[in-house]
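>>> Okay, structure incoming, though there's no sequence with it:
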């Protein structure tokens, strides 16, 4: 692996330990190149070999992958394993229990918000609970193709419900259990869900979130013309769970029924619904640049093949692993690398309900020690948060079980990378830095079947060292198929700018060694006097300063340069924001990147606007930088009060 911007370490190339390489699925770079070449030059052969490990009620009848990426030649489409029939749930559960005799293997170690709440769930137990939930949903009228909204915390019932949907051919739409009633309502309405599965409430740290109340408020917004049913389960709050038809009236004991009561009345046997390869698997809403969420649609066979393979190879899954992805299942990472990918490989995973700093700042390391976690996958935001506390985890916790570390969700700055590698990984664990959208996945060099290239503003392909738009020439099995109910938006967002290519919306740099460096969203690439600057690179320079805990950089119109850099910096405790510090920060950016990158504005930001998953909302920061008070939908923001504070701290010269 290679780390950019390293100032205090001369050798920027990091090799995995020999012991890890010996038994790895991809032990060296030459092996990677052979597999990659096969996936590009012989895709049918490559993906048929992957598919041979799974159960197909009916095999495919044509090419494994068929597609059109050129809007000038007709509608955009992708088809994988056309003609085949299968079932995702059967392949991730029945196949492991019945064909591979893994019924007694632990599928999930569930760790609650409180360390006192924990449970081990075997593959056999998981299959039984999923079948019961499947039968419950069918009793409530759910059929193949129906959409089911799931609004649950990170409890086992979340996994039971999403797999129950896949078993009976329903399409799940999981909404992160922290979104507002308005956001929940919008997502349910857009996909016309017939059932809402929710819980009474959940604690995040010491904060109680009343999910039932939020769900009721969301359903009240529908009016009389559209009322889905609710299926409610208990959470770690231990309030009364219910199943009831939704009415705009208070609790009614005549129609409210316990989840446990209903589940106890149905069988643990449920035959799977055999689905066409391109039948929809799930809808997941991702924030759009306009603020209106997009319902990204994925399909059965392609998602099965791709999540199983990426999990196996990227995390080098081995049978004795205990794997932990700290994401929420409400996000695409959780769909792929908590549920589908690990289960397809018969893996043992940690399912974590809590937060990194509750009931103490060592909770992550405590869980790793408790379950002897070998593969640990988290977000740079969490890493920087834990760095801030100054705790040396190695002194207090046994992290010797770790073999591979991973990051996801945003670019990781060099300081955080080095801390993660040196302190948590003790300089012996490779760090897998993955690039994700809700629609794509890739890592440093492209994953198998993925063919990236870089284009300039005119759509011309750039060779060798280059920086520009990251695009893909061809699909892979797990790529999104459409925006639910809005094919035109799908095509205009991802294919119209450069016909013949899937446009990720990310800027990218390819270095002399062929490594791809994701620079962030292309609208976060700033064109200053004809120079394309990466906001992530500027942010890394700012956070290298000892006084800065976090930084975010956006563009602001400039009469001469076209655009200029407007920087928000969050300082570490006890550091004062003053003119001297601003001058130091400007000088540091100038020295690290060059004079053209010198910020025009640096603003004090006691806090940054973030989504509940921890991503910085740069759309909001751009509007604050431009003093635009109409910010649109802020329902996904974790703490809206931050906005007023930032407006009050705006640079006077920027008014």
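All right, it came through fine. Note that this is a predicted model, so its numbers are computed, not measured. Numbering: from 1, shown residues only.

>>> Give me the residue at the spatial middle of this structure.
Nearest to the mean C-alpha position of the chain, counting by CA atoms, centre = their mean, stands residue 333 at 3.3 Å.

>>> List the contacts of that one.
325, 327, 377, 408, 409, 436 (CB atoms under 8 Å, 6 or more residues apart in numbering). Bear in mind the C-beta positions are built from the backbone N, C-alpha and C, glycine included.

>>> Scan these and report the most crowded one.
residue 325 (26 neighbours; other CB atoms under 10 Å).

>>> how near is that residue to residue 22?
Using CB to CB, to the nearest Å, residue 325 is found at 25 Å from residue 22.

>>> still on that earlier bit, would you confirm that the residue nearest to the centre of the chain belongs to a strand?
No - counting by DSSP: H, G, I helix; E, B strand; the rest coil, residue 333 falls outside a strand, being helix.

>>> Need the pLDDT of it.
For residue 333, the pLDDT comes out at 91.

>>> repeat for residue 560
pLDDT, residue 560: 75.

>>> Number of residues surrounding it?
So residue 560, with other CB under 10 Å, has 6 neighbours.

>>> The residue nearest to the centre of the chain and residue 615, how far apart?
Distance from residue 333 to residue 615, by CB to CB: 12 Å.

>>> what do the two both touch?
residue 409.

>>> now the strands for the stretch 251-400 of the chain?
275-276, 280-286, 294-299, 322-325, 348-352, 375-378 (DSSP state E, counting those that start in this stretch).

>>> Can I get the ones you listed in JSON lines including distance to residue 72?
Shown next, in JSON lines, are the strands of the stretch 251-400 of the chain (distance: least, CB to CB, whole Å):
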{"stretch": "strand 275-276", "distance to residue 72": "29"}
{"stretch": "strand 280-286", "distance to residue 72": "27"}
{"stretch": "strand 294-299", "distance to residue 72": "23"}
{"stretch": "strand 322-325", "distance to residue 72": "40"}
{"stretch": "strand 348-352", "distance to residue 72": "44"}
{"stretch": "strand 375-378", "distance to residue 72": "40"}
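
>>> ok, residue 550 - contacts?
So residue 550 contacts 384, 543, 569, 570, 608 (CB under 8 Å, 6+ apart).

>>> Can you read off the pLDDT for the last one?
Read that as residue 608. pLDDT, read off for residue 608, is 93.

>>> tell me, how many neighbours does it end up with?
Neighbours around residue 608, by other CB under 10 Å: 20.

>>> do the first one as well
A count of nearby residues for residue 384, using other CB under 10 Å, gives 19.

>>> And the third one, by the same measure?
Residue 569 sits with 26 neighbouring residues when counted by other CB under 10 Å.

>>> ok, now the fourth one?
Taking other CB under 10 Å as the criterion, the count of residues near residue 570 is 18.

>>> now residue 403
By other CB under 10 Å, the residues close to residue 403 number 21.

>>> if I look at the residue nearest to it when sequence neighbours are not counted, how far off is residue 429?
Leaving out its chain neighbours, the residue that sits closest to residue 403 by CB to CB, 6 or more residues apart in numbering is residue 374, at 4.8 Å. Using CB to CB, residue 374 is found at 10 Å from residue 429.

>>> who touches both of these two?
Common neighbours of residue 374 and residue 429 (CB under 8 Å, 6+ apart) are 402, 403, 404.

>>> Which residues are in contact with the closest residue in space to residue 404 that isn't next to it in sequence?
Distances taken as CB to CB, 6+ apart place residue 375 nearest to residue 404, at 4.9 Å, with adjacent residues excluded. Shown in contact with residue 375 (CB under 8 Å, 6+ apart): 315, 316, 317, 321, 322, 323, 324, 402, 403, 404, 405, 406.

>>> which of these lies closest to residue 475?
Closest approach between those and residue 475, by CB to CB: residue 315, at 22.9 Å.

>>> Retrieve the pLDDT associated with the closest one.
Residue 315 carries a pLDDT value of 96.

>>> Count the neighbours of it for me.
Using other CB under 10 Å: residue 315 sits among 26 other residues.

>>> Quick check: the gap between it and residue 65.
If you go by CB to CB, the gap between residue 315 and residue 65 works out to 24 Å.

>>> Please apply the same query to residue 194.
Residue 194 is 32 Å from residue 65, where distance means CB to CB.

>>> go on, residue 182?
39 Å.

>>> More neighbours: those two, which one.
Just comparing residue 182 and residue 65: by other CB under 10 Å the higher neighbour count belongs to residue 65, 21 against 15.

>>> Do I have it right that the more buried one meets residue 51?
No - in this structure residue 65 lies outside contact range of residue 51 using CB atoms under 8 Å: 11.5 Å.

>>> So which bits of whichever strand or helix holds residue 644 are buried?
Assessed by DSSP states H and E, residue 644 sits inside helix 641-648. Under the neighbour-count criterion of 16 or more other CB atoms under 10 Å, helix 641-648 has 642, 643, 646 buried.

>>> Please compute how far it lies from its chain's middle.
A distance of 27 Å separates the centroid of the chain from that of helix 641-648, by CA atoms, centre = their mean, to the nearest Å.

>>> Return the list of helices and strands in contact with that helix.
Contacts defined by 3 or more CB pairs under 8 Å, 6 or more residues apart in numbering; DSSP states H and E place helix 641-648 against helix 618-625.

>>> mean confidence score for the helix it packs on?
92.

>>> which other residues reach that helix?
289, 291, 521, 524, 535, 552, 554-556, 566, 568, 601, 603, 608-609, 629-632, 634, 637, 643, 646-647, 650, 654.

>>> For the nearest residue to residue 77 once chain neighbours are set aside, give me the backbone phi and psi.
Using CB to CB, 6+ apart and skipping the chain neighbours, the partner closest in space to residue 77 is residue 68 (5.6 Å). Main-chain torsions, residue 68, degrees, to the nearest 10: phi -140, psi 120.

>>> Just give me the neighbour total for residue 68.
Residue 68: 16 neighbours (other CB under 10 Å).

>>> For the residue lying closest to residue 385 once chain neighbours are set aside, give me its contacts.
Distances taken as CB to CB, 6+ apart put residue 356 closest to residue 385, at 6.2 Å, once the chain neighbours are dropped. Contact partners of residue 356, counting by CB under 8 Å, 6+ apart, are 326, 363, 364, 382, 385, 386.

>>> From those residues, which shows the smallest pLDDT?
Of all the contacts of residue 356, residue 385 carries the smallest pLDDT score, 83.

>>> Could you report the distance from it to residue 116?
Using CB to CB, residue 385 is found at 24 Å from residue 116.

>>> Tell me which of the two has more neighbours.
Under the criterion of other CB under 10 Å, the comparison of residue 385 against residue 116 puts residue 385 first, with 18 against 8.

>>> hang on, the more buried one packs against residue 355?
No - the criterion here is CB under 8 Å, and residue 385 misses it with residue 355 at 9.6 Å.
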